[in-house]
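Engineer: Pasted the sequence and its predicted model underneath.
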Amino acid sequence: MKQFILFLLLFSSYWSVSQITEGTWKGDLSAMGTTQKVFFKVERNNSTYKVSLQAESNPSLDFWCDSVYISDSSFFFGLSKLGIAYEGIHSKDSLLGVFKQNGFELDLAMSLGEFVQEKLKRPQTPIGEIDYYTEEILIKNKKDSLTLSGTLTLPSQSGAFPVVVLVSGSGPQNRDSEIFGHKLFAVIADHLAKQGIGSFRYDERGVGKSTGEYRGADLSDLYTDLESVIEVIGKRKEVNKLGILGHSEGGILAPKFASNNKKLIDFVIMMGAPGMPITEMMHLQREAIYKDQGLSNELILEQKQLFSSIDSVVIAYEGDQKSLKLKKVLMDFSEQKGLSETEEKTLVSAQFDLLDGAWYKSFVSVVPENYLSKVRCSVLAVGGGKDVQVPTDPNMKEIRSALGKSRSRLFSRRTLRFATFGELNHLFQPSNTGMPDEYQKIETTISRDVLFCLSDFINSL
């Protein structure tokens, strides 16, 4: 980032003066081992500009910027709904700036070009006519005054079936849990319907057809969304057994809800879900990704110590006291590294908003044993042997241990099943390394073996 700032300072006086050309601007955004094409579409009406953000991974969603500023040499595009900003300097055929989202900053250079979505092969995505019943449902979250939109999928319009509510992982996701063209939940819903099982999947708050704001929401807010969904779906006459399937972060919400509502939930499925304290799990995740990126053991240890200090403050303190202590941790780290005043400000501004936010506190405070030990219903826990985001072996061990502490008078009727698929990644795709940069390249959305593992478990209850 220091080199980029210097580049701006050195070359801004030579940057040509012009207005930004209308059309589609494209660039490659690289982070955490992945590269994603980003597109900004610029439209102009007299002196007024409209700018929309498009991501190649989900071209069906068009995000319009709510804050746009363009001068003769600089620009600012803001999308507060997603916590995104892109700002820098421009010429007739280039944009050179910094892309910011939720406290992270990445250099992004863009040039004019057509929005040409790469034709990704996704053979499992349901297409054409379907032989099962679907229904669009709107669900009110009265507590937060928002409406969730989702799809109920049933084997047929008449009859009663086991029905599972699908809860997606972290970040704003639509009802299909779509990432890099993979529609994980659409594929799962399609498979379950063909095996005599119903499902309900929904756009998260502020995404797709759901109202409200995702930005600023923490796990307790997302829990109330799930609570509202269960209240409606659980009363449907078509439901004879009710379960929750949670993937990744959704694997926190699903068993936690079941532990608090023992009479409502018949079964839980945890896919790539945490079993160990989140603070410990994130150390393992960062270590795996940092090693893949070639960082030295010394730098990896340094980052572990930094985040240990950060997490201790975030968990222990509230409000202004937390903010002050968090800034001190980041400033002390900057001083130890010998960073200049400018570099220190860059580090603090890049990290502070995310780390000081409500979601981060709610996330790193999670200790799964606290709710897993209280789950009384049947549980299936599924993991991928090459999952680097939620490493399977240590997390599955903790899930098994915590569920074993749970006691139930109906224990004889309760099923606990654990399945690990050695060659699969966090999205349950067959993979080589398990790293996030493979997700888009792999054609398979989810292993067929996992799909039948899910349906066989539900039908066996």
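Structural biologist: Nice, thanks for sending it over.
Engineer: what separates Leu451 from Ile458, distance-wise?
Structural biologist: 11 Å (C-beta to C-beta, to the nearest Å). The way it works is simple: take the backbone N, C-alpha and C, and place the C-beta from them, glycine included.
Engineer: The stretch 101-250 of the chain: helices as residue ranges?
Structural biologist: 184-194, 219-233, 250-260 (DSSP state H, counting those that start in this stretch).
Engineer: number of nearby residues for Asp28?
Structural biologist: Using other C-beta atoms under 10 Å, Asp28 has 12 neighbouring residues.
Engineer: If it is in a bridge, with which residues?
Structural biologist: With DSSP bridges as the criterion, Asp28 is bridged to Lys37.
Engineer: swap in Gln101?
Structural biologist: When bridges are called by DSSP bridges, Gln101 pairs up with Ile84, Phe104.
Engineer: okay but Tyr69 is in contact with Phe76, surely?
Structural biologist: Yes - assessed by C-beta atoms under 8 Å, Tyr69 is found in contact with Phe76 at 4.2 Å.
Engineer: Which one's more surrounded, the two?
Structural biologist: Neighbours per residue, other C-beta under 10 Å: of Tyr69 and Phe76, the larger number sits with Phe76, 16 against 12.
Engineer: who's in contact with the longest helix belonging to the chain?
Structural biologist: Under DSSP state H, the helix in the chain containing the largest number of residues is helix 297-316. Residues outside helix 297-316 that contact it (C-beta atoms under 8 Å, 6 or more residues apart in numbering): 279, 282-283, 286-287, 290-291, 322, 325-326, 329-330, 333, 355-356, 360-361, 364-365.
Engineer: Compute the inter-axis angle for the helix or strand that Cys453 is a member of and helix 184-194.
Structural biologist: Following DSSP states H and E, one finds Cys453 within helix 448-460. Interaxial angle of helix 448-460 relative to helix 184-194 (axes from the mean of the first three to the mean of the last three C-alpha atoms, to 10 degrees): 50 degrees.
Engineer: Now do helix 448-460: which elements does it pack against?
Structural biologist: Contact here means 3 or more C-beta pairs under 8 Å, 6 or more residues apart in numbering; DSSP states H and E; on that basis helix 448-460 packs against strand 161-167, helix 184-194, strand 239-247, strand 267-271, strand 378-384, strand 416-421.
Engineer: Give me the buried stretch members for stretch 194-205, please.
Structural biologist: Residues Gln195, Gly196, Ile197, Gly198, Ser199, Phe200, Arg201, Tyr202, Asp203, Glu204, Arg205 are the ones in stretch 194-205 that count as buried (16 or more other C-beta atoms under 10 Å).
Engineer: Reformat those residues as TSV; add distance to Leu339.
Structural biologist: Output for the buried residues of stretch 194-205, formatted as TSV (distance: C-beta to C-beta, whole Å):
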residue	distance to Leu339
Gln195	56
Gly196	60
Ile197	55
Gly198	55
Ser199	50
Phe200	49
Arg201	45
Tyr202	44
Asp203	41
Glu204	37
Arg205	38
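Engineer: What about those, which are in strands?
Structural biologist: Gly198, Ser199, Phe200, Arg201, Tyr202 (DSSP state E).
Engineer: got TSV for those, with distance to Gln101 too?
Structural biologist: Formatted as TSV, these follow (distance: C-beta to C-beta, whole Å):
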residue	distance to Gln101
Gly198	36
Ser199	31
Phe200	29
Arg201	25
Tyr202	23
